[in-house]
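How does the following fold in three dimensions:
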Amino acid sequence: MTICPVCASGEWRKRYRIEGWTIEECEACGFAYIDPMPVREDRPGCYSEEKVVDRNTKEKNPLQKLSRFFKRLFSKAANRDKGTIFYNKLCSSLQPGSKVLDIGCGDGSFICKAKGDFVCTGIEISGYLASLAGKRPGIRIIIGDFLETDFKDERYDCVTMISILEHLDDPLAAVKKCFGLLEARGLLLLKTVNYGSFNRSIRGGSWTGFRPPDHVVYFKPSNLELMLKNTGFKKINISAAPFNDNMYCEAFK
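Alright, predicted model coming up:
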């Protein structure tokens, strides 16, 4: 990646070294990516049953365990888990029966939550996770890479990307494809890691958002908004608290 997908700058600086990867940051807008970038054809293997189970059971250090405990406790107490946040956004923005595409649907838990009110389709690159999603009734599952999948003339009222954008080697192409899949005045909802978080500035290369080769690109609220505007989205709202490692975005076509 020599040209920034956000601002088209070609000026980069090496910010961090994490194991075998360098985090390259755009001098102009602050967008960042990992170098070397994984080969796209190899990505499905990153989400095999073995890899998924290993990531979910990997031993965490005491600080990571404590942080995850408090995050889960807060989310449960405040009813702020990401599935509930996205479901509430759908309910407040769409009419019942609207068509929803969930990119990177995982085991289908989110669209299973939404299927009672909306017509839901999920796409998942992991054959293992897609098989789990396929066991849930009332939803359609497509197995494949979103960037490589032909949706033909299918259009949706809303496209959701929940913790997916940071996994995509061509985020601009992904956002443009989402724009094209949306009906007029359609809605894109997404959640991604917040490279602009104070936590990243404080922790540097040990920041929890760095997870190469799984997470390959990193946005700040400012450059995410710029990319969405350049794509054609008209009304954009990004929620990103200074110490929050994640940010939420809604963008209307």
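
can we go C-alpha only for contacts and neighbour counts from here?
OK.

Would you confirm that F233 contacts E250?
No: between F233 and E250 there is no contact, the gap being 9.8 Å when judged by Cα atoms under 8 Å.

can you tell me the distance between the two ends of stretch 2-14?
Stretch 2-14 has an end-to-end distance of 13 Å (criterion: Cα to Cα, to the nearest Å).

which residues sit against that stretch?
22-29, 31, 170-172, 223-224, 226-227 (Cα atoms under 8 Å, 6 or more residues apart in numbering).

what about the strands in the stretch 101-250 of the chain?
119-124, 140-143, 156-162, 182-193, 217-218, 235-239, 246-252 (DSSP state E, counting those that start in this stretch).

Neighbour count: F233 and E250, which is higher?
More crowded of F233 and E250, by other Cα atoms under 10 Å: F233, with 22 against 18.

Can you check the pLDDT for the nearest residue to the more buried one once chain neighbours are set aside?
Of all residues not flanking F233 in the chain, K253 sits nearest, at 4.6 Å (Cα to Cα, 6 or more residues apart in numbering). On pLDDT, K253 comes in at 95.

So K253 is in contact with I236, correct?
No: in this structure, K253 is not within contact of I236 by Cα under 8 Å, at 9.2 Å.

In terms of packing, which of the two has more residues around it?
Neighbours per residue (other Cα under 10 Å) separate K253 from I236, with K253 holding more: 22 against 18.

so what's that one up against?
Shown in contact with K253 (Cα under 8 Å, 6+ apart): 179, 182-188, 232-235.

do the same with K220
By Cα under 8 Å, 6+ apart, the contact list for K220 reads 30-31, 194-197.

still on that earlier bit, in ChimeraX, how would I select the buried members of the contacts of K253?
Burial among the contacts of K253 is assessed by 16 or more other Cα atoms under 10 Å; the matching ChimeraX selection reads:
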select :179,182,186,187,188,233
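
okay, the contacts of K253 in JSON lines with pLDDT and distance to S201 next?
Shown next, in JSON lines, are these (pLDDT from 0 to 100; distance: Cα to Cα, whole Å):
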{"residue": "F179", "pLDDT": "98", "distance to S201": "32"}
{"residue": "L182", "pLDDT": "98", "distance to S201": "36"}
{"residue": "E183", "pLDDT": "97", "distance to S201": "39"}
{"residue": "A184", "pLDDT": "95", "distance to S201": "39"}
{"residue": "R185", "pLDDT": "94", "distance to S201": "37"}
{"residue": "G186", "pLDDT": "97", "distance to S201": "35"}
{"residue": "L187", "pLDDT": "98", "distance to S201": "32"}
{"residue": "L188", "pLDDT": "98", "distance to S201": "28"}
{"residue": "G232", "pLDDT": "97", "distance to S201": "31"}
{"residue": "F233", "pLDDT": "97", "distance to S201": "29"}
{"residue": "K234", "pLDDT": "93", "distance to S201": "31"}
{"residue": "K235", "pLDDT": "96", "distance to S201": "29"}
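
Below-threshold pLDDT in the protein: ranges please.
44-80 (pLDDT under 70).
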